[in-house]
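> pasting the sequence and the predicted model now:
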Amino acid sequence: MNKGIVKLAPSILSADFAHLGKQVGEAEQAGADRIHVDVMDGHFVPNISMGPLVVQSLRPVTRLPLETHLMISDPDLYLEEFAEAGSDSLLVHWEGNNNLHRTVQRVKALGKRVGVVINPASPALVLEEILQDVDQVLVMTVNPGFGHQHFIHTTLPKIRRVRQMIDEIRPGCDLEVDGGIDATTAPLVVDAGANVLVAGSAVFGAGEGVIAAMNRLRAAANESK
Ligand code: DX5
Ligand code: ZN
């Protein structure tokens, strides 16, 4: 079980893009710890979303760190561009990357925080050798590509295993989860050891508004403590 403070990372994938700056401002006001930017290329995942321009547009409107989740083939080609656009951290997938160590070192050389992401079918063990080099791990709790999907409960034991590995190998490394996180699933992932929760539809898709939704999510996340 994770005893630290749970951080919230609203994902703008579910935001109203006609009012993106305003929505991010509301998330900041509600105490978000970072803004999660989902980048999809229609190849690594079957959906296309946003690129460096969105990061660049958001950079002047928020003081929050912008974390960029790269769901793209060959992320090495775009690391520099996202770093220059204003990303504070770059999250790259283990899947499909034959030279993950090199990618991780490239992100570090750009002076950015680096995270490695694993999909629901990828085992915790693939993180073992790279863990010492990263600032955070992101465990996908849905198959990447879309917002509004159902949380995959079989990822819970894996989150526990990753928490154990982090405590042994790299204490201080963030354990983030992404997909289907809402007031019902938040206590489960926190109990399993997650300390950063990405939430898209639960924050930006809720009828009650961003601030009320964030408050509800935070209260739920702290329930299990
Ligand atoms: C899915 C993305 C998520 C997405 C989560 O591929 O990586 O960040 O925005 O959306 P929700 O919270 O609605 O599941
Ligand atoms: Zn994401």
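Right, received. Where do you want to start? Ligands and ions are numbered 1, 2, ... in the order given.

> show me the contacts for G51.
39, 78 (CB atoms under 8 Å, 6 or more residues apart in numbering). Every C-beta, even on glycine, is put in place using the N, C-alpha and C of the backbone.

> the one 10 residues further on too?
Contacts were defined as CB under 8 Å, 6+ apart; by that measure V61 touches 21, 24-25.

> just T103 next, same as before
T103 makes contact with 75-76, 79, 92, 97, according to CB under 8 Å, 6+ apart.

> report the next helix or strand after the host helix or strand of it in sequence order.
Element membership for T103 (DSSP states H and E) is helix 100-109. Next in sequence after helix 100-109, counting helices and strands by DSSP H and E, comes strand 113-118.

> ok, residues contacting that next one?
Strand 113-118 is contacted by residues 65, 67, 69, 88-95, 100, 104, 107-108, 124, 126-127, 130, 133-140, 144, 174, 176, 178 when judged by CB under 8 Å, 6+ apart.

> poorly predicted segments of this structure, please.
1-4, 224-225 (pLDDT under 70).

> for this structure, which segments are assigned as strands?
For the chain, the strands defined by DSSP state E occupy 7-10, 35-40, 66-71, 89-93, 113-118, 136-140, 174-178, 196-199.

> and N215, which of those strands is closest to it?
Closest to N215 of the strands of the chain, according to CB to CB: strand 7-10, at 10.2 Å.

> okay, that closest one in PDB with CA atoms only?
Output in PDB follows, covering the C-alpha atoms of strand 7-10 (Å, rounded to 0.1, in the frame of the first residue of the first chain):
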ATOM      1  CA  LYS A   7      -0.900  13.200  -7.200                       C
ATOM      2  CA  LEU A   8      -3.500  13.900  -9.900                       C
ATOM      3  CA  ALA A   9      -2.600  14.200 -13.600                       C
ATOM      4  CA  PRO A  10      -5.700  15.300 -15.600                       C
END
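
> residues touching the closest residue to P52 other than its chain neighbours, list them.
Nearest non-adjacent residue to P52, counting by CB to CB, 6 or more residues apart in numbering: A85, 3.9 Å away. A85 is in contact with 52-53, 55-56, 59, counting by CB under 8 Å, 6+ apart.

> looking at this structure, which residue is nearest ligand 2?
H69 (3.7 Å; CB to the ion).

> find the nearest non-adjacent residue to that residue, please.
Nearest residue to H69, sequence neighbours excluded (CB to CB, 6+ apart): L91, at 4.7 Å.

> show me the contacts for that neighbour.
Contacts of L91 by CB under 8 Å, 6+ apart are 67-70, 114-117, 136, 138.

> separate out the buried members of these.
67-70, 114-117, 136, 138 (16 or more other CB atoms under 10 Å).

> nearest to P187, of those?
L138 (19.3 Å).

> the closest one and D178 touch, don't they?
Yes: between L138 and D178 there is a contact under CB atoms under 8 Å: 5.7 Å.

> which parts of the protein sit against ligand 1?
Contacts of the chain with ligand 1, taken as CB under 6 Å from any ligand atom, map to 11, 13-14, 36, 38, 69, 142, 144-149, 178-181, 198-202.

> narrow these to just the buried residues.
11, 13-14, 36, 38, 69, 142, 144-147, 178-181, 198-202.
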